[in-house]
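**Q** Have a look at this fold, sequence not included:
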């Protein structure tokens, strides 16, 4: 199993480096934006606005959530490695080695866990940094968002890996997951639009409060999701026959 | 573990697909030998190899490797098997240095020193990504990896196809070296019969999912021969005595499977020795009996 972990790390390190570089760039932008709001050109614009406190509050949330969201999204991006596993015939080779489906799936799940954990820790550090800059305490709602994103990302990552193995294409898997996510989120967005049309202020606070209510449950939820992810990946890998039949069809097409 | 007669024992292997059936295939790969597994493209060689490796589930038959059931003892068996495929199964961005660490974590008996020795011998760079390797280098790398965990059985699926004769000859030498240890065995699927003629101890022919011949190469070559005769002489040859016959404008070439008998029976005709290549062609055309 150690070999599989090293393999994942060698092959995904570019993704992690890109994630960290993107995170660092966004952080620099957010810090510069905040400095400008406190001491630069934007200070006067905000002071002249109707609700400067509300604007600063929004800026604070955007500064914390944007880099965190980027980290979480990129932590789910290593599903593309599965595409390479299929293309390079690694999966066929792997079946000739003493690596079981269980080990392969476990390593995938382990990588999801560490990627999401890394995103969570860096998101907390980001939140602590901006709380310090704004002189605010780490609010329950903010912690709720950062924490709820962990199981959601783990779910997306596990679903993307399973679907990529099943559909043999990371693009098809991404489109499928995106379609499902949009279908689930549609009512939520519609509600926001309706509120906006009525002239009511768009506010995510009720949702954030709800998310914060379940903070202790998220680590458990994440473990359940990862366990289910392991089972799903194993179930798809056990269908070795499909790989044989599809590769024969692909060869015929070529 | 060493107490077995045949590295692979296959009996009644059957696998059905739409439009193709691997039909009741049985053969053994004796311990300490190289078996050449020959057949046309699509004859069922890869299906058989995948069944041996439990990549596909068979519809019938038994496969024993090192005297053990290949499914019941799958991981124990696979610790001692190396499979080499026609394409490099490692990602292009990896290097030999990284592969050493990866494989070291996969196989209990991985030998870093041996792997390095093979890399040096094959002149393979340790840090160059595989994407920049030539086809020959990629195959040598696969073989280096396959031979570095003290596997007792090497299974090659069309691994020498597309390689130039120099690289192929180098690889064949390595196999002969590998077989110096009498506990090691090789199953080598290929349609380059000249390679197998050089190194194989036994040969199995397969066509359209059916086993045609399996046995020691020398016996097969000894028993088979080609009668070259006129069309009128050909008409006097009993149909039971030959596999198939090629009719040309100049006469007939008839493949016989019992050279000694035919030499006695048709003493007036020229009976030449044959090659695995010719045997394969005549057996593939055996259902037609006569072809041109």
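**A** Perfect, I can see it now. Please read all numbers here as calculations on a predicted model, not as lab measurements.
**Q** what's the helix or strand containing residue A:122 packed up against?
**A** Secondary structure assignment for residue A:122, by DSSP states H and E: helix A:101-134. Counting contacts by 3 or more C-beta pairs under 8 Å, 6 or more residues apart in numbering or on different chains; DSSP states H and E, the secondary-structure elements packed against helix A:101-134 are helix A:2-39, helix A:52-75, helix A:140-167, helix A:217-237. All C-beta atoms are positioned from the backbone trio N, CA, C, and that covers glycine.
**Q** Tell me which of these sits most buried.
**A** The highest mean neighbour count among the helices and strands packed on helix A:101-134, using mean count of other C-beta atoms under 10 Å in any protein chain shown, belongs to helix A:140-167: a mean of 22.
**Q** what about it and chain B, touching?
**A** No. Helix A:140-167 stays out of contact with chain B when judged by C-beta under 8 Å from any C-beta of the partner chain, the minimum separation being 15.1 Å.
**Q** Let me know the next secondary structure element after that helix.
**A** From helix A:140-167 onward toward the C-terminus, using DSSP H and E, the following helix or strand is helix A:170-197.
**Q** Buried residues, that following helix. List them.
**A** Using 16 or more other C-beta atoms under 10 Å in any protein chain shown as the burial criterion, the residues of helix A:170-197 that qualify are A:170, A:173, A:174, A:176, A:177.
**Q** Closest to residue B:257 out of these?
**A** Taking C-beta to C-beta as the measure, residue B:257 sits nearest to residue A:170 out of the buried residues of helix A:170-197, at 53.1 Å.
**Q** So the closest one is in contact with residue A:164, correct?
**A** Yes. Under the criterion of C-beta atoms under 8 Å, residue A:170 makes contact with residue A:164 at 4.9 Å.
**Q** Need the overlap of contacts for those two.
**A** For the pair residue A:170 and residue A:164, residues contacting each of them under the criterion C-beta atoms under 8 Å, 6 or more residues apart in numbering or on different chains are A:79, A:80, A:82, A:83.
**Q** What separation do you get for the last one and chain B?
**A** Residue A:83 sits 11 Å away from chain B when distances are taken as C-beta to the nearest C-beta, to the nearest Å.
**Q** ok but that residue is inside a helix, no?
**A** Yes. Using DSSP: H, G, I helix; E, B strand; the rest coil, the assignment for residue A:83 is a helix.
**Q** Over in chain B, which residue gets nearest chain A? Let me know.
**A** As assessed by C-beta to the nearest C-beta, chain A sits closest to residue B:105 within chain B, at 2.5 Å.
**Q** So residue B:279 versus residue B:189, what's the distance?
**A** Counting by C-beta to C-beta, to the nearest Å, the separation of residue B:279 from residue B:189 is 16 Å.
**Q** helix or strand right after the longest helix along chain B?
**A** The residue-count maximum for a helix in chain B (DSSP state H) belongs to helix B:165-178. Counting by DSSP H and E, the next helix or strand C-terminal to helix B:165-178 is strand B:185-190.
**Q** Now do the helix holding residue A:122, average pLDDT.
**A** Taken as a whole, helix A:101-134 carries a mean pLDDT of 89.
**Q** So which bits of the stretch 101-250 of chain B are right by chain A?
**A** Within the stretch 101-250 of chain B, the positions lying close to chain A (C-beta under 8 Å from any C-beta) are B:101, B:102, B:103, B:104, B:105, B:106, B:107, B:108, B:155.
**Q** Just list the residues touching the nearest residue to residue A:22 once chain neighbours are set aside, thanks.
**A** Counting by C-beta to C-beta, 6 or more residues apart in numbering or on different chains, residue A:22 lies nearest to residue A:70, which is 5.6 Å off, once chain neighbours are set aside. Residues near residue A:70 by C-beta under 8 Å, 6+ apart: A:19, A:22, A:23, A:26.
**Q** Not including adjacent chain positions, what is the nearest residue to the residue of the stretch 1-150 of chain A found nearest chain B?
**A** Across the stretch 1-150 of chain A, no residue is closer to chain B than residue A:3, which sits at 2.5 Å (C-beta to the nearest C-beta). Distances taken as C-beta to C-beta, 6+ apart put residue B:105 closest to residue A:3, at 2.5 Å, once the chain neighbours are dropped.
**Q** And for the one you found, the neighbour number?
**A** 17 (other C-beta atoms under 10 Å in any protein chain shown).
**Q** what does the one 10 residues further on give?
**A** By the criterion of other C-beta under 10 Å, residue B:115 has 22 neighbours.
**Q** now do residue A:120
**A** Close neighbours of residue A:120, defined as other C-beta under 10 Å, add up to 22.
**Q** What distance do you get for it to residue B:192?
**A** With distances taken as C-beta to C-beta, residue A:120 is found 55 Å from residue B:192.
**Q** Same check on residue A:114?
**A** Distance from residue A:114 to residue B:192, counting by C-beta to C-beta: 46 Å.
**Q** which of these two has more neighbours?
**A** When neighbours are counted by other C-beta under 10 Å, residue B:192 comes out ahead of the other of residue A:114 and residue B:192, with 19 against 15.
**Q** Now that one: closest residue in space, sequence neighbours ignored.
**A** Counting by C-beta to C-beta, 6+ apart, residue B:192 lies nearest to residue B:160, which is 6.1 Å off, once chain neighbours are set aside.
**Q** tell me the secondary structure for the one you found?
**A** coil.
**Q** what's near enough to touch it?
**A** Contacts of residue B:160 (C-beta under 8 Å, 6+ apart): B:139, B:168, B:171, B:172, B:188, B:190, B:192, B:195.
**Q** In this structure the third one contacts residue B:140, no?
**A** Yes. Using C-beta under 8 Å, residue B:171 is in contact with residue B:140, at 7.2 Å.
**Q** Now a ChimeraX select for only the buried ones of the contacts of residue B:160.
**A** In ChimeraX, this line selects whichever of those come out buried by 16+ other C-beta under 10 Å:
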select /B:139,168,171,172,188,190,192,195
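**Q** out of the contacts of residue B:160, who's nearest residue A:44?
**A** When the contacts of residue B:160 are compared for distance to residue A:44 (C-beta to C-beta), residue B:139 wins out at 69.1 Å.
**Q** what comes into contact with the host helix or strand of that closest one?
**A** When elements are defined using DSSP H and E, residue B:139 is found to belong to helix B:135-146. Outside helix B:135-146, the residues that touch it by C-beta under 8 Å, 6+ apart are B:82-85, B:87-90, B:96, B:99, B:103, B:115, B:118-119, B:122, B:124, B:130, B:133, B:154, B:159-160, B:162-164, B:167, B:170-171, B:174.
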